[in-house]
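Undergrad: After the sequence you'll find the predicted model.
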Amino acid sequence: MSGVIAIIRKEWKTYFITPAAYVVLALFAFISAFFFYSMLAVFVVQSLGGGGEFGGGSLNVNAQVLQPLMFDIGITLLFLLPMITMRLYAEEMRGGTMELLKTSPIRRMDIILGKFIGAFGLLVIMLIITAAYIGVIAHYGAPDLRAAGAGLLGLALLGGAFLAIGLLISSFTRNQIVAGVITFTLFLLLWVADWVSAYGNGAVSHSIAYLSVTSHLQNFTQGIIDAKDVVFYLSLIVAGLFLTARRMELAE
Amino acid sequence: MLEVSHLSKDYGPFHAVQDISFSARAGEVLGFLGPNGAGKTTTMRLITGYLPPTAGEVKVDGIPVRTQPLAAKRKIGYLPELPPIYPELTVDEYLRFVGRLRRLPSRGLSTAVEDACRRTALTDVRHRVVGHLSKGYRQRVGIAQAILHDPPLLILDEPTAGLDPRQILETRQLIRELAGNHTVIISTHILSEAATTCERVVIINRGALVAVDTPENLTHRLKQTDTLEIQVRGPQLDVSAALSKIDGVLKVEFSHVQKEIGTWTVEARAVAVREQIARRVVENGWGLVELKPVELSLEEIFLSLTGAAAAAPASAPSQELPA
């Protein structure tokens, strides 16, 4: 366990010594703020015109602001997380520091968990930034906080799955660009995998659609924490970490 | 302290290391010698547990690296060929991280870092970023991390590679200082380095063990006769003839004349022949300018052992006389 903590501390130190973490977090704050502001602005315009003859219908801050915000943040993670994961292994391999880690009295899984938890910490900061937007809505309105909390949990699980998969891909190549591009492409495929259900109805299409990270996020944003969604994300995380360990072993 | 038995590592059909066995006593400096690509680094990686062997076993202080990796790794300090540094951390931050990896208690950490910095003369740059340091300093940071937890076994892969002559001397001095309390294994392809710093050398070539012995014994083993270089002021043919007549002299080769002083290489059956030679030269009224034994250099030992080329005699144009 002390090995995991040592790695986490080192990861955080390098994140915040280099501009990497600041750039990623600042961009995240900027983009997510833009999404939030735009959706809130549209909502405010709609609610002002709500009584008009063309308006009407129900206005729901959860459905019209929070839910789409969660999805947009999911997409932002899809773009930003590959930039964090692509360097996780590549940099240790290139700098020869993997030799230091692997000849130290720590387990292979300590290295993997340290790297994963370290990157997850950055994700948590992003989610705290997101929580601030929910706080703004809660100050002026009455959003469903349970749904918002479930949405944040969903994003944490989604981001965790992304990080585990990104970590696995980064363990296959010393080249950061290659790792980044493959990771991003795979994330994008996972994001749109449920498109197949629009034109296919067989077992294969069902299986592919099941892999869609979007459909599993849907329930969370509506405030439903379904065990099968949680299991889906957790199994992606466990599989990603386990396969990374296997990959490290086979690379020897 | 270290026992390596029948160690092999294959990469597919390629045998990187084949059936290597040797051991090192506590406090010994063992040189690991071989041409580039001989399998030195691979062997060191097998010993440190970075790579799993295809066959064979490594025991550090009686602990098998394969089955008890954590306990064994705690006893090893390892400097890989490329110092494993994080360029963005300071020397202090880096060493603290390494200390935590090696499970040093947090109370002892500062003392250990201070101590390692002092021994490797890093105290002045302790708060500087490693990436901004020169190659020599980085190498020292690499050595500092290896000795940080005061391991009984130190494995240094080419510790002087890329250093300037002064730094090489300093590093050798440091290795000698460490030798008393640690078993040190250093790999090198520079033979003089092994000769000056190591008590014993392990020579490997193409992944296989060629010899394990002290540099002196290796010389003796390959050299059954006593080779001398003599400089005499005197007539070339007469001197050659006189030398050849001495009992026990096997071969006389004239090498060259410079400022009336001729140089001969003489091969004799025993060391006692040296006195005879000196006496005969003086009796003839010639001037004995120099008489020195020619030691086989480690280069020659190495070449003859690895079979890359026959150990070439040091003489230039030579002229062999009928005995």
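TA: Thanks, I have it.
Undergrad: Which stretches in the stretch 51-200 of chain B count as strands?
TA: In the stretch 51-200 of chain B, the strands defined using DSSP state E, counting those that start in this stretch lie at B:55-60, B:63-64, B:76-79, B:153-157, B:183-188, B:200-205.
Undergrad: Neighbouring strands - and their directions - for the shortest one?
TA: Partner strands and pairing direction for strand B:63-64 (DSSP bridges) are strand B:55-60 (antiparallel).
Undergrad: The strand it pairs with: which residues count as buried?
TA: B:56-60 (16 or more other Cβ atoms under 10 Å in any protein chain shown). No exception for glycine: its C-beta is placed from N, CA and C like everyone else's.
Undergrad: Name the surrounding residues that touch stretch B:265-276.
TA: By Cβ atoms under 8 Å, 6 or more residues apart in numbering or on different chains, the residues outside stretch B:265-276 that reach it are B:225-230, B:243, B:246-253, B:255, B:277, B:291, B:293-294, B:313-315, B:318.
Undergrad: and with 10 Å instead?
TA: Residues outside stretch B:265-276 that contact it (Cβ atoms under 10 Å, 6 or more residues apart in numbering or on different chains): B:223-230, B:240, B:243-244, B:246-255, B:277, B:291-294, B:313-315, B:318.
Undergrad: and if you look at stretch B:100-114?
TA: Under the contact criterion Cβ under 10 Å, 6+ apart, stretch B:100-114 has outside partners A:2-3, A:5-7, A:9-10, A:100-101, A:103-106, A:110-111, A:114, B:70, B:73-74, B:76-77, B:91-96, B:98-99, B:115, B:122-123, B:126, B:144-145, B:147-151.
Undergrad: List buried residues within those residues.
TA: Listed as buried from the contacts of stretch B:100-114 are A:3, A:6-7, A:9-10, A:100-101, A:103-106, A:110-111, A:114, B:73-74, B:76-77, B:91-96, B:98-99, B:122, B:126, B:144-145, B:147-149, B:151; burial here means 16+ other Cβ under 10 Å.
Undergrad: So what does B:Ala24 have for phi and psi?
TA: Main-chain torsions, B:Ala24, degrees, to the nearest 10: phi -130, psi 140.
Undergrad: Please list all residues in contact with B:His127.
TA: So B:His127 contacts B:90-93 (Cβ under 10 Å, 6+ apart).
Undergrad: Quick check: which ranges of chain B have low pLDDT?
TA: For chain B, the stretches flagged by pLDDT under 70 are B:219, B:221-224, B:295-299, B:306-323.
Undergrad: all helices in it, in order from the N-terminus.
TA: B:40-48, B:69-73, B:91-101, B:106-119, B:135-147, B:165-179, B:191-197, B:215-222, B:236-245, B:273-283, B:298-306 (DSSP state H).
Undergrad: And chain A, by the same measure?
TA: Along chain A, the segments classed as helices by DSSP H run A:2-17, A:20-48, A:61, A:67-85, A:90-94, A:97-102, A:108-140, A:145-170, A:176-192, A:203-210, A:213-221, A:227-250.
Undergrad: ok, the residue positioned nearest the centre of chain B - contacts?
TA: Nearest to the mean C-alpha position of chain B, counting by Cα atoms, centre = their mean, stands B:Ala194 at 1.5 Å. Going by Cβ under 10 Å, 6+ apart, B:Ala194 touches B:29-33, B:186-188, B:200-203, B:215, B:298, B:302.
Undergrad: And it, how far from B:Thr214?
TA: Using Cβ to Cβ, to the nearest Å, one obtains 11 Å as the distance from B:Ala194 to B:Thr214.
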